[in-house]
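# One predicted model, sequence on top.
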Amino acid sequence: MRMRPSLTGKSPPALGRRPLSLLLRLLVTAAAVVTALIVLFVAGYIVINGARRLRPSLFALKYTSENVSMTPAIIGTLAMTALALALAAPLGIFSAVYLAEYARRGSRLVKTMRLAAETLAGIPSIVYGLFGALLFNRLWGYSLLAGAATLAIMLLPLIMRTAEEALLAVPDMYREGGFGLGAGRLRVVFAITLPAAAPGILAGIILAVGRAVGETAALIFTSGTSPELPRSIFSSVRTLSVHMYALWNEGLYGDEAYATAFVLLVITAALNALSGIVSGRFRGGGDG
């Protein structure tokens, strides 16, 4: 394969003539291979040990100590994630729109909000759980709403920062073209900038969904561990991750815990696949 000449007209030196470049390339390749092998090992271990332990009674509608059904936990996971996203996604996206489109770039306010978001994103989840227990549990007790509100606070920095970066990645010529056609800032944001940044915003939301689905510590303190189907947003509920923790902690349902881990892995993989499909359609619509 011919190497492309540089801007000076000279071909770049081969890797063999630059040992440091060759070493860095080998290190990067080795890191990628090791990461892929670790992911495949963990996923394969869960699939091998969890799939063969599945049985129809695990999907019964009502939980009992005999069937140890995970259906209430699956429904609780979906309800918890949907409610948390309904609270966090609008706040995060609109905050990102303000920082990227309305606030003066590089101002002290923007720097302060970014620092606060990055700090909140690094706080351990159990701290959020204690905060939710002290605040939301006093209002609604152990409930779906308390857990979702706690999750929303956890997901808000992630959604806001990824949405802001996606908006900043949109070329300024898009905005200038809209202003040149006489559109106001609000129309430019909602008709041009947000659609162009939709794949990046969606990627951030999917990352938030992955964190919400796998969260355990914060929900034990806020939503409780009731294995029953939630009757309302004020009912105590357990998610799949809490269900798996409870089964393993009891020491009597190891096989069922492996099966729950397999189902949780399948749900996460399905959400990631769905995000890829939707993101691809957004990109296709933008190209058209």
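That came in fine, so what should we check first?
# quick one: residue 211 from residue 191, how far?
To residue 191, residue 211 is 31 Å away according to C-beta to C-beta, to the nearest Å. C-beta here means a position set from N, CA and C on the backbone, and glycine is covered the same way.
# do residue 243 as well
44 Å.
# again with residue 155
27 Å.
# neighbour count winner among those two?
Using other C-beta atoms under 10 Å, the more surrounded residue of residue 155 and residue 191 is residue 155, with 27 against 12.
# any idea which helix or strand carries the more buried one?
Under the criterion of DSSP states H and E, residue 155 resides in helix 144-168.
# For the helix or strand that that helix is followed by, list every residue counted as buried.
Counting by DSSP H and E, the element after helix 144-168 in chain order, helix or strand, is helix 172-180. Neighbour-count burial for helix 172-180, counted by 16 or more other C-beta atoms under 10 Å, picks out 175, 178.
# Show me what helix 172-180 packs onto, helices and strands only.
helix 185-188 (3 or more C-beta pairs under 8 Å, 6 or more residues apart in numbering; DSSP states H and E).
# Which residues does the helix it packs on contact?
101, 102, 175, 178, 179 (C-beta atoms under 8 Å, 6 or more residues apart in numbering).
# ditto for stretch 146-158
80-81, 83-85, 87-88, 91-92, 95, 116-118, 120-121, 125, 128-129, 131-132, 136-137, 139-140, 204, 207-208, 211-212, 215, 218-219, 221-223, 233, 237, 239.
# which regions of the chain lie under the pLDDT threshold?
Low-confidence segments of the chain, defined by pLDDT under 70: 1-17, 278-279, 281-288.
# burial of residue 229, as a residue count?
17.
# And it, how close does it get to residue 217?
Noted for residue 229: a distance of 23 Å to residue 217, by C-beta to C-beta.
# again, but for residue 108
Separation of residue 108 from residue 217 (C-beta to C-beta): 34 Å.
# So for the two, which residue has more residues nearby?
residue 217 (17 against 8).
# ok, now which ones touch that one?
124, 125, 126, 129.
# Can you tell me which of these has the most neighbours?
Neighbour-wise, these (other C-beta under 10 Å) top out at residue 129, 23 neighbours.
# for that residue, what are its contacts?
150, 217, 218, 219, 220, 221, 222.
# Return the subset of the contacts of residue 217 lying in strands.
Among the contacts of residue 217, none falls in strands (DSSP state E).
# Out of the residues you listed, flag the one nearest to residue 184.
Set against residue 184, the nearest of the contacts of residue 217 by C-beta to C-beta is residue 125 (41.1 Å).
# wait, the closest one sits on residue 214?
No: using C-beta atoms under 8 Å, residue 125 is not in contact with residue 214, being 9.9 Å away.
# shared neighbours of the two, anything?
By C-beta under 8 Å, 6+ apart, no residue touches both residue 125 and residue 214.
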